[in-house]
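1. here is a sequence together with a model predicted from it:
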Amino acid sequence: MSVLENIKEKIDESKSILMIAHENPDGDAIASALALYNAFQKLEKKSAVYIPSPDKTYSFLAGFDEMLIGETAPDAKNFDLCISLDSSDIQRLGICGDIFKEIDDTICIDHHITNQNFADINYINAVASSTCENLMVVLASLGVAVNKEIAECLYTGILTDTGGFRYNITPETMEIVATIMETGINVSKIYRTVFDITSFNKVKLVGRAIDRLELLNDGKIAFTYMTKQDLEELELDENDSDGIVNEGRNIDSVEVSIFAKERDEDYYKISMRANEYVDVSVIASKYAGGGHVRAAGCELNMTLDQIKTTLCEEIAKQLK
C-alpha cells in the first residue's frame, strides 16, 4: 500500500481529526491546515485546526475564524488523528508537539528536505514548492474536488512559500497553480492582501531593521536584527517581522541575508535567505534548525556579536 493510500485509509477510518502546524506559522503552514479543514468540510469529516497564534494577514481564508487558538491546547481525547502540516520535526511544532504526541494516530505532510519523518505516516516531497503544492496530490487521492475556498488556501500557500513565484518553483508547480486558478479565485487580491497591505507600525519596524543593517564578508552577507522592545513599543508580535530578512537579500552584492529576532536575553530566532549558491539549510541543521536550500532558520542562545561571528564563519565556507 502506498503512502497516499495509507493516508486515505487513516482519514476514512478517523472520526475526529486535528490539524496543527509549526510554531510562528507562515502562510504555507496556515493555508495548508485550512485547505485540509475545508476539504474535510466537503467530506463531512469532523475536524479542527489548532494554531496558538495565527497571523491575521491570512484571516481572509475560509475557516480562519473557526480555528482553535490560544496557549491552551484542545483536549487530545477529542481526536483520534492528528495531521501535522509544514513542520520538519516535532520540535518545530512548539506547544502543538505535546498534543501531537498524545493522539494515537499521526500523519505528517511536508516539503522540507530536512524532515525527520516523525509521524506514523509521512508524505514528504521536498521537490515541491510548498506543503500546499503537496496537498493537491493528497486531495486528489482523497477524491476531493478543489472548490474556491480550498483553492484560495492552496494558492496562498504556494504564493507565500515561493516569494511570489520567485524561487522553489518547477514546471509542475505552475501547472498546479494553473489548475487552482481555474476555480476563479482573485489572484491579484490575494497577492495584495499577503504582500502589499501593511500597517504604519510594521513599516516602522522594517525601518528599524534597515537602520541596523550591516554588510559583512566583503558585502556578501547582510545582517540585521530586532528586539523584544521593538515589538513592545510598536505593539506588534513576531509574525509582523515576516519578510524583513529579504531586505538584506535584495542588496546587489549580498549572497546571504541574516535576520535575528530576539526572543529572550541572548536568545534569538534566526532567519537566513540565500540568493544563488549557498545552502543555508546545511548551516541551520548544525544548530537544530532546518528549512530549504535557500531559506532556512534556527535558534541560537548567543549574543548578537557571537551570532554574527558564528554564522559568518559557516557561510564563509560556502562563499565563492
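-> Looks like it came in fine.
2. so which helix or strand of the protein has the lowest pLDDT on average?
-> In the chain, no helix or strand scores lower on mean pLDDT, DSSP states H and E than strand 290-291, which sits at a mean of 84.
3. mean confidence (pLDDT) on stretch 278-287, please.
-> The predicted model assigns stretch 278-287 a mean pLDDT of 94.
4. just the endpoints, please. Distance across it?
-> 17 Å (Cα to Cα, to the nearest Å).
5. residues in contact with it?
-> Here stretch 278-287 makes contact (Cβ atoms under 8 Å, 6 or more residues apart in numbering) with 113-114, 255-256, 270, 272-274, 290-300, 311, 314-315, 318-319. All C-beta spots, glycine's among them, are computed from the backbone N, C-alpha and C.
6. got the buried residues for it?
-> Val278, Val280, Ser281, Ile283, Ala284, Ser285, Tyr287 (16 or more other Cβ atoms under 10 Å).
7. same check on stretch 57-76?
-> Thr57, Tyr58, Leu61, Ala62, Gly63, Phe64, Met67, Ala73, Ala76.
8. take those residues and write them to a markdown table, including secondary structure.
-> A markdown table is the format used below for those (DSSP: H, G, I helix; E, B strand; the rest coil):
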| residue | secondary structure |
| --- | --- |
| Thr57 | helix |
| Tyr58 | helix |
| Leu61 | coil |
| Ala62 | coil |
| Gly63 | coil |
| Phe64 | helix |
| Met67 | coil |
| Ala73 | coil |
| Ala76 | helix |
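9. return the member of these nearest to Ile150.
-> Nearest to Ile150, judged by Cβ to Cβ, of the buried residues of stretch 57-76 is Ala62 at 8.0 Å.
10. run a quick neighbour tally on the closest residue to the closest one other than its chain neighbours.
-> Leaving out its chain neighbours, the residue that sits closest to Ala62 by Cβ to Cβ, 6 or more residues apart in numbering is Glu149, at 3.8 Å. Number of residues near Glu149 (other Cβ atoms under 10 Å) recorded here: 20.
11. now Asp237
-> Asp237 has 12 nearby residues by other Cβ under 10 Å.
12. just checking, Ile20 touches Leu81?
-> No. Counting by Cβ atoms under 8 Å, Ile20 stays clear of Leu81, with 11.4 Å between them.
13. who has more neighbours, these two?
-> Using other Cβ under 10 Å as the criterion, Ile20 and Leu81 rank with Ile20 on top: 31 against 22.
14. name every strand pairing with the one helix or strand the more buried one maps to and say which way it goes.
-> If you go by DSSP states H and E, Ile20 is part of strand 17-21. Applying DSSP bridges to the sheet, strand 17-21 is found paired with strand 47-50 (parallel), strand 81-85 (parallel).
15. most tightly surrounded among those strands?
-> strand 81-85 (a mean of 27; mean count of other Cβ atoms under 10 Å).
16. dump the following helix or strand past it to PDB, restricted to CA.
-> Next in sequence after strand 81-85, counting helices and strands by DSSP H and E, comes helix 96-102. Only the C-alpha atoms of helix 96-102 are listed here, as PDB (Å, rounded to 0.1, in the frame of the first residue of the first chain):
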ATOM      1  CA  CYS A  96       1.500  21.800  19.400                       C
ATOM      2  CA  GLY A  97       4.000  19.000  19.800                       C
ATOM      3  CA  ASP A  98       2.600  17.900  23.100                       C
ATOM      4  CA  ILE A  99      -0.900  17.200  21.800                       C
ATOM      5  CA  PHE A 100       0.600  15.600  18.700                       C
ATOM      6  CA  LYS A 101       2.300  13.000  21.000                       C
ATOM      7  CA  GLU A 102      -0.900  12.400  22.900                       C
END
